[in-house]
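In: Fold the following for me, if possible:
(one chain, ligands or ions: 1)
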Amino acid sequence: MKRPAMSEMLGYMDEKPYNNYVIIFDDLKRLARDTEYYLKLKTAIKVRKASVECPNFVFTDSPEGKYVETIMAATGELEREQNRRQVMQKMRARLEQGHYCLPSLAVGYKYKKNLSNLSVATPQPEAKIVKEALEGFASGRFQEQVDVQRFLLLNSINNSKPVYLEFVKRILSNSLFYAGFLEFLPWEVSMRKSDHEPIIDFSIHEIIQQRLKEKTTTFVKNLLNPDFPLRGFVLCSCCKQPMTASWSTGRNGRFPYYRCKTNGCDERNKSIARKNIDKEFVAILDNIKPSKQVLELTKAIVSDLWKKKELGVASRARRTEGEIRTLQDERNKLLERISRTTEDRMVAIYETRISELMEKELVLKNSVKSVNQHRPNIETALEIVFDFLRNPLKQWETGDIHRKKLVLKLVFEQKLTYNRKSGFETAILSLPLRVFTLPEAQKGSLVEMPGIEPGCNRYVSNDSTAVESFEV
Ligand SMILES: [Zn+2]
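Out: Numbering: from 1, shown residues only. Take a look at the predicted model:
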């Protein structure tokens with residue numbers, strides 16, 4: 001039974017069945033919410049030999065009395081359903097106008113009345129944490145959802161209550177809302193700009209959704225096992241797949257091993273002692289000792305590359321603005337055609353096309369806006385990264401598992417391949433460290449070079465992605 005108070009009342013009567021009961025309803029509508037339920041409830045009351053009284057209605061057992069009762073119940077049901085429909089229609093109309101009004105609200109937001117007495121979803125202080133979590137997930141600062149979870153826990157987002165992965169998922173999958181848009185497909189309300197204040201860029205939302213779609217790494221916990229920081233990063237030389245790692249028990253105790261786990265690979269299950277891999281890896285890191293001069297130079301190069309990239313972004317933005325104008329032209333033409341068409345079928349086709357165009361336009365407009373807003377301070381970002389690169393070995397030896405993972409990410413361009421017999425194959429260092437290995441850099445002659453010379457570009461020209469990874 002859906003009405004808990006009624007169930008409670010019936011339960012009470014069942015506990016003390018020897019009393020005589022009179023049930024008084026202040027209004028018949030309270031008893032008769034819908035026809036079907038009313039008849040059930042009446043039977044339930046009747047078998048308990050209780051009588052029912054109601055100030056605005058006299059119950060009689062005559063055929064007329066029963067008839068009126070049923071009609072009253074049916075009227076109650078109709079009113080309720082109509083009311084529900086009306087509420088839904090109102091809500092739907094509001095959503096269509098770009099006003100978010102659904103009962104469930106995103107984490108970090110609360111409804112607040114604005115000046116025109118309209119309840120608007122408004123970011124609360126904890127929205128700052130949500131923002132950092134969303135942007136961190138998009139930029140890769142938080143590699144996995146568990147990293148976001150850890151961050152949210154540290155910042156006690158849930159009032160010191162536990163933060164489950166489900167909670168993290170809900171935040172991430174709601175990124176459209178956080179970007180200031182709404183969409184409610186059950187009521188056929190397509191995506192549109194909402195009147196609530198966004199906390200992230202639309203571009204961040206797009207990256208988050210992309211990342212969620214990508215197959216998430218399994219065994220995340222394993223990858224963060226401090227016993228094996230290189231798990232997932234060292235590839236088997238034979239099949240080029242990441243090796244796994246584990247402890248195995250021998251005659252003289254437990255030993256940590258790395259091994260290939262690919263079916264059909266010749267190297268499968270051939271163990272490599274962790275200490276061998278570790279020793280060689282430390283040797284690689286130990287070799288990376290960029291001088292201050294070289295780091296400064298590299299920083300200048302990266303910052304220069306960044307500026308070039310920004311120029312590219314600006315010209316892309318101009319192109320986008322052109323595209324927006326084209327879309328608007330097409331839409332205006334369609335609107336004109338609609339006004340001249342009398343055929344319903346054609347009007348429907350035009351309308352669909354127009355709403356498609358509007359959606360595209362919205363996305364493009366927003367990408368232009370987000371480009372303009374989203375200009376990170378590259379100097380600060382580089383400062384942090386280069387501080388890290390000054391001594392990667394120290395970071396590796398003193399850092400926890402997360403810091404170690406960061407070393408891997410910042411120092412190497414690709415995962416490392418390990419051959420059981422000959423050790424690590426050539427490591428490809430990340431861009432800033434690669435510049436440092438140039439012979440010119442070692443001699444110090446590069447330091448005088450103004451800006452980026454073509455000879456230097458040779459090493460960095462394919463690296464637009466590497467530059468991107470500097471957003472911190
Ligand atoms: Zn293999």
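In: just the strands in the stretch 101-250 of the chain please.
Out: Ranges of strands in the stretch 101-250 of the chain, per DSSP state E, counting those that start in this stretch, are 109-113, 119-123, 181-184, 189-193, 234-236, 244-250.
In: Which one, of those strands, ends up nearest to residue 368?
Out: strand 189-193 (13.8 Å; C-beta to C-beta). In this view, the C-beta of every residue, glycine as well, is placed from N, C-alpha and C.
In: and that closest one, how far from the chain's centre?
Out: 18 Å (C-alpha atoms, centre = their mean, to the nearest Å).
In: my guess is residue 255 meets residue 245, correct?
Out: No. The pair residue 255 and residue 245 does not pass the contact test of C-beta atoms under 8 Å, sitting 11.2 Å apart.
In: what about the residue in the stretch 51-200 of the chain that the ion sits nearest to, how many residues close to it?
Out: Residue of the stretch 51-200 of the chain nearest the ion, by C-beta to the ion: residue 143 (23.9 Å). Per other C-beta atoms under 10 Å, the neighbour tally for residue 143 reads 20.
In: ok, for it, nearest residue in space, not its chain neighbours?
Out: Nearest residue to residue 143 in three dimensions, chain neighbours excluded: residue 405, at 7.3 Å (C-beta to C-beta, 6 or more residues apart in numbering).
In: pull the CA atoms of the helix or strand harbouring the one you found into PDB?
Out: Secondary structure assignment for residue 405, by DSSP states H and E: helix 401-411. Extracted in PDB, the C-alpha atoms of helix 401-411 (Å, rounded to 0.1, in the frame of the first residue of the first chain):
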ATOM      1  CA  ILE A 401      52.800   6.300  -5.200                       C
ATOM      2  CA  HIS A 402      50.900   9.200  -6.600                       C
ATOM      3  CA  ARG A 403      54.000  11.300  -6.900                       C
ATOM      4  CA  LYS A 404      55.900   8.400  -8.500                       C
ATOM      5  CA  LYS A 405      53.100   8.100 -11.100                       C
ATOM      6  CA  LEU A 406      53.500  11.800 -11.700                       C
ATOM      7  CA  VAL A 407      57.200  11.400 -12.300                       C
ATOM      8  CA  LEU A 408      56.400   8.700 -14.900                       C
ATOM      9  CA  LYS A 409      54.000  11.000 -16.600                       C
ATOM     10  CA  LEU A 410      56.200  14.100 -16.600                       C
ATOM     11  CA  VAL A 411      59.500  12.500 -17.400                       C
END
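In: and it, how far out from the chain's middle?
Out: 23 Å.
In: Remind me what that helix packs against, helices and strands.
Out: helix 378-389, helix 392-398 (3 or more C-beta pairs under 8 Å, 6 or more residues apart in numbering; DSSP states H and E).
In: So which of these is nearest the ion?
Out: helix 392-398 (25.2 Å).
In: phi, psi of the residue lying farthest from the centre of the chain?
Out: Most distant from the centre of the chain: residue 62, at 63.3 Å, with distances by C-alpha atoms, centre = their mean. Here is the backbone geometry of residue 62 (degrees, to the nearest 10): phi -70, psi 160.
In: State the pLDDT value of the residue most central in space within the chain.
Out: Taking C-alpha atoms, centre = their mean, the centroid of the chain lies closest to residue 172, which sits 2.3 Å from it. With respect to pLDDT, residue 172 has a value of 95.
In: next one: residue 468
Out: 37.
In: Check residue 401 too.
Out: pLDDT, residue 401: 85.
In: for the one 3 residues further on, same thing?
Out: The per-residue pLDDT reported for residue 404 equals 89.
In: Count the residues that sit near the nearest residue to it once chain neighbours are set aside.
Out: Once flanking residues are discounted, residue 404 sits nearest to residue 229: 4.2 Å by C-beta to C-beta, 6+ apart. Residues lying near residue 229 (other C-beta under 10 Å) number 23.
In: Next: residue 170.
Out: 13.
In: Same question for the one 4 residues further on.
Out: The local packing count at residue 174 equals 20, with neighbours defined by other C-beta under 10 Å.
In: who touches it in this structure?
Out: 106, 107 (C-beta atoms under 8 Å, 6 or more residues apart in numbering).
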